[in-house]
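Q: kindly return the folded structure for what I paste below:
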Amino acid sequence: MYRNRFITRFKVINSLFVLALTFSSCADALKDINHNNTQLNEELMKGDNFKMGAFFPQMQEYVNPVQENAYQMNNNLIGDIYGRYMSITKPDFSKNGFGTFNAPANWINSPFNDVFTKIYGAWTSIKGETNGEGVNFEWAQILRVAAFQRITDMYGPIPYSKVGAGGTGVAYDTQEEVYKAMFADLTKSIDVLTGYVLRSPGTTPMKDYDEVYGGDFQKWVKFANSLKLRMAMRIVYADPELARKMAEEAVNHSIGVIKANADNAAIAYPKNPINIMWDAYSDTRVGADIVAYMDGYKDPRMSKYFQTSKTINGKTGYYGIRTGINITNLQNMLNYSAPAASSSDKLLWLNAAEVAFLRSEGAMRGWNMGGTDESLYNEGIRLSFEERGLTGAETYYANNTLTPGNYTDPYGTYSASATSTITIKWNAAANTEAKLERIITQKWIAMWPLGQEAWSEQRRTGYPKFLPTLVNYSDESDLKTKLAARIPFPPKELENNAKNYADAVVKLGGLDKYGTRLWWDKKNK
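A: Numbers count the residues shown, from 1 in each chain. Now for the predicted structure:
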């Protein structure tokens, strides 16, 4: 595999940038990123491309961080918990963690520090080699947007447009500014890569450096359009006009969005990090909410998502741990169901089912999504079943009686009644909120295990309806039912970039706390 050819040399090169890229002065470590020339530079697509290509794997590996420690700090302890896909097992993690709104400073620092240093260390090198133009630079731009869409949806305002512009610290953009800049960057990248694909169909000059699509730029265009659609729907309550414009551009583009599982974005890595979380680390088990919903629906995907539990009080089955409880016994927690993640599984970024549900919601809103809300909703379920190697989607989405189940704690401590009565079958006569709940609930099931996206969609829409948190170690009393709207800014920024940190809090529009809603989080829920 190409990794063995260059990764050692790459890490040495990149470490120089990582050492330089501290956020008290990272603006001095990056060059000006403003380039307007969109002309293809065909020479950049020739030859070995080693000097530049060696930086792409690191960018890809931090879009959705895949190294086990980075995955834990960026995903498993945050989005996987808040998106109610997984829960933690260890007593100290329950008292000092995101689930009870009491994460330690180093946990809050990690997503910001990891992604900024790793992405911009590599991105700066690619920009230097390409002079900020051409196909390879635009590919790097897509990766940059994919990574920072996740980061801004965790924190809110972040440094984006002003990174590398000079000065003694990095100024933050409002989240609205970040999203608009990302839309502009994606649109340009899509245009440039589309031009290349049309001029050089079937060529894969960067295949040795592409861990997602093997150098297929047509698939990268589909991914970029799908990411643009995801981002467009995210802002629908904050800027509905822009949301519709971006969504329709993405779906109706000549190459379009991901519509088949063969085009799903997922990264290969020596060992799947979710497997390490449940097995080697014993830090995670399945969440109560996702099990309760799927159990009520008699969903056959449960066997693809979850392992059966160990025997608890004489019973075995699919049992999840409730989020936000006071865990005191590690061994008891390890008896619950673990995620069905093997070491060889790829780590998902975005799948065709999510795209179909996004299009279904857009069609429900009257947008041109290339299909009806009902047909695209059913297609999302069908694609999800297909992705997991299952048949019977038509029977599943025709069911009009099953509803989400009650949560049954096998130890009898934290059981709770179902939080929703939404059925599966599409109902054209239902009101908009019922339609939206149906779409988001099935999208949530189909996006497994993308916890970050699950959390973001629940914040945006209020769906699925989650069980309340029972233990809250913060000073924000309403978080038990309101749940986390964000995570606080990194404490290191307060120490090392104090002026810009203070400005970021102003741009946030509220206190630097878990409960302060982000710019796009505008719906009255």
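Q: count of neighbours near E138?
A: Other residues near E138 come to 27 when the count uses other CB atoms under 10 Å. All C-beta atoms are positioned from the backbone trio N, CA, C, and that covers glycine.
Q: check which helices and strands the host helix or strand of it sits against.
A: Using DSSP states H and E, E138 sits in helix 135-155. Packed against helix 135-155 by the contact rule (3 or more CB pairs under 8 Å, 6 or more residues apart in numbering; DSSP states H and E) you find helix 56-61, helix 105-130, helix 175-199, helix 217-234, helix 451-461.
Q: and the first one, how far out from the chain middle?
A: What that stands for is helix 56-61. Relative to the centre of its chain, helix 56-61 is centred 16 Å away, using CA atoms, centre = their mean, to the nearest Å.
Q: let the chain start at 630 from now.
A: All right, first residue 630 from here; so that's helix 685-690.
Q: right, and G1138 touches T1145 too?
A: Yes - G1138 is within contact range of T1145, at 7.4 Å (criterion: CB atoms under 8 Å).
Q: number of residues surrounding the residue lying closest to L871 once chain neighbours are set aside?
A: Nearest non-adjacent residue to L871, counting by CB to CB, 6 or more residues apart in numbering: I864, 6.6 Å away. Neighbour count of I864, defined by other CB under 10 Å: 23.
Q: thought I864 was touching W1149?
A: Yes - with contact defined as CB under 8 Å, I864 counts as touching W1149 (4.7 Å).
Q: those strands in the chain, which residues are they?
A: Taking DSSP state E as the test, the strands found in the chain are 715-717, 894-896, 913-915, 976-979.
Q: those into a markdown table, with extra columns for mean neighbour count?
A: Formatted as a markdown table, the strands of the chain follow (neighbours: other CB atoms under 10 Å):
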| stretch | mean neighbour count |
| --- | --- |
| strand 715-717 | 27 |
| strand 894-896 | 20 |
| strand 913-915 | 28 |
| strand 976-979 | 22 |
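Q: so for Y965, which of those sits nearest?
A: The minimum distance between Y965 and the strands of the chain falls on strand 913-915, with 4.2 Å, by CB to CB.
Q: angle of the helix holding E767 against helix 734-759?
A: 160 degrees (axes from the mean of the first three to the mean of the last three CA atoms, to 10 degrees).
Q: please enumerate the shared neighbours of I864 and W1149.
A: Here I864 and W1149 share the contacting residues Y808, scored by CB atoms under 8 Å, 6 or more residues apart in numbering.
Q: now do the helices in the stretch 980-1129 of the chain.
A: Applying DSSP state H, counting those that start in this stretch to the stretch 980-1129 of the chain gives helices spanning 981-993, 1002-1016, 1022-1026, 1061-1075, 1080-1090, 1108-1111, 1120-1125, 1127-1137.
Q: how far is the helix holding E767 from where the chain is centred?
A: 11 Å.
Q: can you count the residues close to S989?
A: 28.
Q: nearest spatial neighbour of it, chain-adjacent residues omitted?
A: L1005 (3.7 Å).
Q: so what does A1058 have for phi and psi?
A: Backbone torsions for A1058, taken as degrees, to the nearest 10, come to phi -90, psi -10.
Q: on that earlier part again, select, out of the helices of the stretch 980-1129 of the chain, the one closest to Y714.
A: Closest among the helices of the stretch 980-1129 of the chain, using CB to CB: helix 1080-1090, at 4.8 Å.
Q: contacts made by the closest one with the rest, please.
A: Residues contacting helix 1080-1090 (CB under 8 Å, 6+ apart): 693, 704-705, 707-715, 779, 782-783, 859, 862-863, 865-866, 983, 1065-1066, 1069, 1072-1073, 1076, 1092-1093, 1095, 1112-1114, 1146-1147, 1149-1150, 1152, 1154.
Q: just the buried residues of these.
A: 693, 704-705, 707-715, 779, 782-783, 859, 862-863, 865-866, 983, 1065-1066, 1069, 1072-1073, 1076, 1092-1093, 1095, 1112-1114, 1146-1147, 1149-1150 (16 or more other CB atoms under 10 Å).
Q: next one: stretch 808-828 to chain centre, how far?
A: On the basis of CA atoms, centre = their mean, stretch 808-828 sits 21 Å off its chain's mean C-alpha point.
Q: residues of it that come out buried?
A: For stretch 808-828, the neighbour count (16+ other CB under 10 Å) marks 808-812, 814-816, 818-819, 821-823, 825-826 as buried.
Q: same check, this time on stretch 1075-1091
A: Buried, per 16+ other CB under 10 Å, within stretch 1075-1091: 1075-1091.
Q: again, but for stretch 881-897
A: For stretch 881-897, by 16+ other CB under 10 Å, it's 882, 884-888, 892-897.
Q: ok, now which ones touch the residue of the chain most remote from its centre?
A: No residue in the chain sits farther from the centre than G943, which is 37.6 Å out by CA atoms, centre = their mean. Neighbour list for G943: empty [criterion: CB under 8 Å, 6+ apart].
Q: okay, it: pLDDT?
A: The score at G943 is 95. That number is its pLDDT.
Q: what of V647?
A: Confidence score, pLDDT, at V647: 40.
Q: likewise M681?
A: 84.
Q: ditto for N633
A: What the model reports for N633 is a pLDDT of 42.
Q: chain neighbours aside, what residue packs nearest to M715?
A: Using CB to CB, 6+ apart and skipping residues adjacent in sequence, the residue nearest M715 is D709, 4.2 Å away.
Q: quick check: that neighbour touching F727?
A: No - counting by CB under 8 Å, D709 sits too far from F727 to count as a contact (9.7 Å).
Q: coming back round to it: between G1138 and T1145, which is the more surrounded one?
A: T1145 (18 against 14).
Q: how near is the more buried one to Y1040?
A: 35 Å (CB to CB, to the nearest Å).
Q: cool, and S716?
A: Distance from S716 to Y1040, by CB to CB: 14 Å.
Q: how about W1073?
A: W1073 is 26 Å from Y1040, by CB to CB.
Q: what of L856?
A: Counting by CB to CB - L856 and Y1040 are separated by 41 Å.
Q: more crowded one of these two?
A: Neighbour count, other CB under 10 Å: between L856 and Y1040, L856 has more, with 25 against 14.
Q: residues contacting that one?
A: L856 touches 771, 774-775, 778, 815, 979, counting by CB under 8 Å, 6+ apart.
Q: the same query, at a cut-off of 6 Å, please.
A: A775 (CB atoms under 6 Å, 6 or more residues apart in numbering).
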